[in-house]
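In: the amino acid sequence is not available; the structure is as follows:
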Ligand code: T3D
């Protein structure tokens, strides 16, 4: 696929995906939605990629749906809202189904679908001047892009309801205190911090990380019995990997393991 609004580059096993429409705070049109989805889906089949880093160009992470596209001038045909939302759904599923770790480097404001795209990532680190806004209510919409799924699980119902219903800005430090994100970094050090973390993840036993992600996904809806059964199945698969053999061998030889991702 030809990319117009998303930049991609692979280095040291890390695919960096940069939303690149800075003049509109990386707000997401259908083209960008499709490119993001393609980037995550193709990362799944690319063995050179062992971790993904998602960020935004310029001063924002992503301001959500491109409102110029969603609400074009009078007299022009508005797009199909159902199609737009289905596009976000497919994107979120691509992020969650990718059995490789995804780090979000939230470099500025993350609003609407942009906030919820960040929250769908595995490890979220925000710049100290970044913020999260469930902006939907301000324009009479309902949180989508997985917001009503991830937000209450991350911060609890009370905070999720106030964020959704009031649409206020939650600063990075508050988001960390609430357990919405993993950490906050000084803005000037965000990319160094997050790419270092993504590089470290890219040296880990990739298949085990993928199985962990599958288990965490399923834990959102499984019973304890179902989850224990799944853990046993995944452990059986992990124990068959080359990385498991290497991990045990390295332990016995009292050296650091070198994981190949196989
Ligand atoms: O079909 C559907 O629509 C359903 C799907 C919905 C998913 C959603 O994401 S709905 C929520 C959509 N997003 C929003 O409502 C957020 C809109 N943006 C804002 O509230 C503010 O821009 C921010 C709080 C994010 C940042 O404020 P600020 O003051 O830092 O920047 P700004 O001046 O408002 O924006 C800078 C430029 O970006 C500006 O353009 P200009 O005036 O310089 O030419 C602004 O229009 C543009 N921009 C910001 N957000 C969007 C946008 N353009 C298009 N769409 C946007 N979402």
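Out: Yes, it's here. Everything numeric in this text was worked out from a predicted model, so none of it was measured.
In: switch to C-alpha atoms for all contacts and neighbour counts from now on
Out: Will do.
In: element containing residue 251?
Out: helix 242-252 (DSSP states H and E).
In: repeat that for residue 257.
Out: Residue-wise, residue 257 maps onto no helix or strand under DSSP H and E.
In: that one - how many residues pack around it?
Out: Each residue near residue 257 was counted by other Cα atoms under 10 Å, and the total is 19.
In: try residue 222
Out: Residue 222: 14 neighbours (other Cα under 10 Å).
In: what are the buried residues along the helix holding residue 251?
Out: 243-244, 246-247 (16 or more other Cα atoms under 10 Å).
In: ok, so of those, who is nearest the ligand?
Out: residue 243 (39.9 Å; Cα to the nearest ligand atom).
In: now the helices for the protein?
Out: Using DSSP state H, the helices of the chain run over residues 30-45, 67-70, 81-97, 113-119, 147-155, 157-166, 172-177, 190-201, 206-219, 224-238, 242-252.
In: out of those helices, deepest packed?
Out: Counting by mean count of other Cα atoms under 10 Å, helix 113-119 has the highest mean neighbour count of the helices of the chain, with a mean of 26.
In: run the chain-centre distance for that one.
Out: Helix 113-119 sits 7 Å away from the centroid of its parent chain (Cα atoms, centre = their mean, to the nearest Å).
In: quick one: average pLDDT of it?
Out: The average pLDDT within helix 113-119 is 98.
In: which strands and helices lie in contact with that helix?
Out: Where contact means 3 or more Cα pairs under 8 Å, 6 or more residues apart in numbering; DSSP states H and E, helix 113-119 is packed against strand 60-62, helix 147-155.
In: say whether the ligand is contacted by it.
Out: Yes - counting by Cα under 6 Å from any ligand atom, contacts between helix 113-119 and the ligand involve residue 113.
In: and the residue of the stretch 151-262 of the chain that's closest to the ligand?
Out: residue 169 (8.1 Å).
In: could you check the angle helix 224-238 makes with the helix holding residue 251?
Out: Orientation check (axes from the mean of the first three to the mean of the last three Cα atoms, to 10 degrees): helix 242-252 against helix 224-238 gives 80 degrees.
In: would you mind listing what in the stretch 51-200 of the chain touches the ligand?
Out: Neighbours of the ligand within the stretch 51-200 of the chain, by Cα under 6 Å from any ligand atom: 63-68, 70, 81, 84-85, 109, 111-113, 135-136.
In: name the weakest-confidence residue in these, if you would.
Out: residue 81 (83).
In: pull up the gap between that residue and residue 2, please.
Out: 24 Å (Cα to Cα, to the nearest Å).
In: and if you look at residue 56?
Out: As judged by Cα to Cα, residue 56 and residue 2 stand 19 Å apart.
In: now swap in residue 78 and tell me
Out: Residue 78 is 25 Å from residue 2, by Cα to Cα.
In: please say which of these two ends up with more neighbours.
Out: Between residue 78 and residue 2, residue 78 has the larger neighbour count (other Cα under 10 Å), namely 13 against 7.
In: hmm, who's touching stretch 175-189?
Out: 107, 119, 123-129, 132, 151, 154-155, 172-173, 193 (Cα atoms under 8 Å, 6 or more residues apart in numbering).
In: before we move on, the earlier item: just want the angle from the helix holding residue 251 to helix 206-219.
Out: Going by the same axes, to 10 degrees, helix 242-252 makes 110 degrees with helix 206-219.
In: so how far is helix 242-252 off the chain centroid?
Out: 30 Å.
In: 53 is where my numbering starts, stick with that
Out: Sure, I'll start numbering at 53, so the last one becomes helix 294-304.
In: by mean pLDDT, show me the worst of the helices of the chain.
Out: helix 119-122 has the lowest average pLDDT among the helices of the chain, namely a mean of 92.
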